[in-house]
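S.K.: how does the following fold in three dimensions:
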Amino acid sequence: MLENFKQEFITTKRLTTAYYRGGQEHSKKLLLIHGNMSSSVFFLPLLPELSKSFDTLIPDLRCFGHSDSLPIDATRGFQDWTDDLKELLDALGWETCTILGWSLGGGIAMEFAIHHSHRVEKLALLAPCPPYGFGGTMNEDGIPIQPLGLGSGAGAANKQLLMAVSAQGKQVLSGLLHSFCFSAFFHLDSETEDMLIEGLTSMKLEDKMYPGDFYYTVHWPHLLAGDHGVLNTMSPKHINLKPLLDLKKKPDILWIRGTDDVIVSDFSTLDFGHLGAIGMVPGWPGPSVYPPQPMIAQTRHFLELYEAGGGHYVETVMNGGHACHLEHPEHFLYTLSAFVAS
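M.R.: Numbering: from 1, shown residues only. The predicted structure is shown next:
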């Protein structure tokens, strides 16, 4: 079925974007935004079914996949990407759509709704980036740990992953893909695994692209977010999604998360607070100084504020890890389709 969908390219004033599209005959439009360490192919297995009901668009973000390799100004948060996506939708003639964002893409989807709420019919968030930033915050209301950007951004990039991507080490990448994206007993077929690894290795490894720049500091864990590159956009130093709470036109939100997600979790294996608490990073100053980040609690708190301000959200918990949409596609497709079509 996947061979029926060929990657296409379109050039706007901002960049050339690679994308997959299916279901153009349908009136309801669905934009899927992939996450960090991935590309459009992480949604491709779902396209045959989604295209039976929706005009479905899956682009590669800049710095990922086969779209242009262009620098990211992290001081703008996610706006380099939302500006790219706005130009893409304009070029394709899309006035409005439902947007689903996964992981990093969840943050981008929220940012897009902030600046273009009139174009967002509904908003679906799949294991989204915590709304107060990934790393470097505490408590459910996302209080930043000082100095701002500590333990977040490019300095927190997984060094083993970066080396494997650079060396194209398939065995290491396979292990990392399974350990970070899927639950322990999930098995990928070899063809899909090869496709996902190709998508993972498509990241553009440069200082102003992936992962970005960072600084050293005397404060544990001794790393501060910089101002350029992909990972710094998610730092509390630059992220600002609070204007979503003040939108006059609030799209309904569907929040989907996996039970075994080890990335976006209250015990994230990529969070210095958690890693310090379990002894994986020496020198942890303790929970009063740098506690584990309660990412799920923060997202729920943020969405409760959204609802208190007149919005509406539904939380759906699925079996599976960070990529639960690939572990249990039938459950995911039913949930998403019902939300979009309602």
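
S.K.: flag every buried residue along the lowest-mean-pLDDT helix or strand in the chain.
M.R.: Within the chain, no helix or strand scores below helix 159-167, which has a mean of 76 by mean pLDDT, DSSP states H and E. Within helix 159-167, the residues scored as buried using 16 or more other Cβ atoms under 10 Å are 161, 164-165. For every residue, glycine as well, the C-beta is placed using N, CA and C.

S.K.: check stretch 109-125 too.
M.R.: If you call a residue buried by 16+ other Cβ under 10 Å, then stretch 109-125 has these buried ones: 109-114, 116-117, 119-125.

S.K.: same thing with stretch 66-80?
M.R.: The neighbour-count criterion (16+ other Cβ under 10 Å) identifies 66-69, 71-72, 74, 76-80 as the buried residues of stretch 66-80.

S.K.: next one: stretch 218-238
M.R.: For stretch 218-238, using 16+ other Cβ under 10 Å, the buried residues are 219-221, 223-238.

S.K.: among these, name the ones in strands.
M.R.: Among the buried residues of stretch 218-238, DSSP state E puts 223-225 in strands.

S.K.: for F64, give me its contacts.
M.R.: By Cβ atoms under 8 Å, 6 or more residues apart in numbering, the contact list for F64 reads 34, 38-39, 199, 202-204.

S.K.: give me the angle between the following helix or strand past the least confident helix or strand of the chain and helix 159-167.
M.R.: The first helix or strand that comes after helix 159-167 along the chain, using DSSP states H and E, is helix 170-181. If you take axes from the mean of the first three to the mean of the last three Cα atoms, to 10 degrees, helix 170-181 sits at 140 degrees to helix 159-167.

S.K.: other SSEs contacting helix 170-181?
M.R.: helix 159-167, helix 190-200 (3 or more Cβ pairs under 8 Å, 6 or more residues apart in numbering; DSSP states H and E).

S.K.: so for it, what gets flagged as buried?
M.R.: Going by neighbour count (16+ other Cβ under 10 Å), the buried part of helix 170-181 is 173-174, 176-178, 180-181.

S.K.: phi, psi for the nearest residue to G258 once chain neighbours are set aside please.
M.R.: The spatially closest residue to G258, leaving aside those adjacent along the chain, is C324, at 3.4 Å (Cβ to Cβ, 6 or more residues apart in numbering). Main-chain torsions, C324, degrees, to the nearest 10: phi -60, psi -20.

S.K.: tell me how far C324 lies from F134.
M.R.: Per Cβ to Cβ, to the nearest Å, C324 is found 18 Å from F134.

S.K.: same thing with T75?
M.R.: T75 is 16 Å from F134, by Cβ to Cβ.

S.K.: also H118?
M.R.: As for H118, its distance to F134 is 28 Å (criterion: Cβ to Cβ).

S.K.: likewise V41?
M.R.: Separation of V41 from F134 (Cβ to Cβ): 23 Å.

S.K.: the two: which is more packed in?
M.R.: F134 (27 against 24; other Cβ atoms under 10 Å).

S.K.: next up, the contacts around the more buried one.
M.R.: F134 makes contact with 152, 234-235, 270, 293, 295, according to Cβ under 8 Å, 6+ apart.

S.K.: tell me the least confident of the residues you listed?
M.R.: Confidence by pLDDT is poorest for L270 among these, given 95.
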